[in-house]
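> Requesting a structural model of the entry that follows:
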Amino acid sequence: MSFLILVKHSLPVIDPKVPAAYWELSDKGRQRCIPLAAALAVYHPGRVITSREPKAIETGQIVASRLNLPCTPVGDLHEHRRLTLPFASRPEFEAGIAQFFAEPDQLVLGEETAVQAATRFGQAIRALIAHFPQETLILISHGTVISLFYQYVLEADPFPLWRKLGLPAYLVFSLPELDLIEIVAEPAVGD
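Numbering: from 1, shown residues only. From the prediction side, this is the model:
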């Protein structure tokens, strides 16, 4: 049996002066990748694929190294585009994300609507599944687009999932059916 494992990257260094798309992992975030890799090993993955954002690449490289797998960054797995969004408090940011999910066709946050982000991310995932049809894939990406994919596949409200996904966290789907097998919102992180 093959699986699609969507992983939200590990804990970054939060720098309010730099867009989140450029953040790198913190030391604690790097440490959290070790138990993450151990937890993912039970699915016998064939490869690790990441978005091109530094925090996702670094999470993927650590996991891949621990599992002795190839790790490849690819386009279109990045987070919802919001490079021009100023840094906000957690309550302000959560309110913006709630509106983003509630008004998916409207440009309410950043430079991409929820529909645009979901379409881009979903097409990238479908292409990867088609390219590696017999493999279990670990895709290291980001909370908002993972929540949008969850909404698309399960026709479920994405906001509660988005709120509970830790750093890191993961969802496991069966392939090719895309049945949800497991959500691990707060894996053992060892810190």
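> Following the host helix or strand of F93 in sequence, what is the next regular element?
Taking DSSP states H and E as the criterion, the element that holds F93 is helix 90-102. Following helix 90-102 in sequence order, the next helix or strand is helix 114-131 (DSSP H and E).
> quick check: angle from that next one to helix 90-102?
Here helix 114-131 runs at an angle of 70 degrees relative to helix 90-102 (axes from the mean of the first three to the mean of the last three CA atoms, to 10 degrees).
> need the next SSE after helix 114-131, C-terminal direction.
Following helix 114-131 toward the C-terminus (DSSP H and E): strand 137-141.
> now for the helix or strand following that following strand, which elements pack on it?
Moving toward the C-terminus from strand 137-141, the next helix or strand (DSSP H and E) is helix 143-154. Applying 3 or more CB pairs under 8 Å, 6 or more residues apart in numbering; DSSP states H and E, we find helix 143-154 packed against strand 2-8, helix 90-102, helix 114-131, helix 158-164, strand 169-175, strand 180-184. Using the backbone N, CA and C atoms, a C-beta is placed for each residue, glycine as well.
> Pick the most buried one from the ones you listed.
Compared across the helices and strands packed on helix 143-154, strand 2-8 shows the largest average neighbour count, a mean of 23 (mean count of other CB atoms under 10 Å).
> And it, what does it pack against?
helix 27-41, strand 137-141, helix 143-154, strand 169-175.
> what about that strand, distance to the chain center?
9 Å (CA atoms, centre = their mean, to the nearest Å).
> quick one: A88 is in a strand?
No: A88 is assigned coil when assessed by DSSP: H, G, I helix; E, B strand; the rest coil, not a strand.
> Give the burial count for the nearest residue to P70 once chain neighbours are set aside, as a bare number.
Take P70 and drop its neighbours on the chain: the residue closest to it by CB to CB, 6 or more residues apart in numbering is R47, 5.0 Å away. Neighbour count for R47, taken as other CB atoms under 10 Å: 18.
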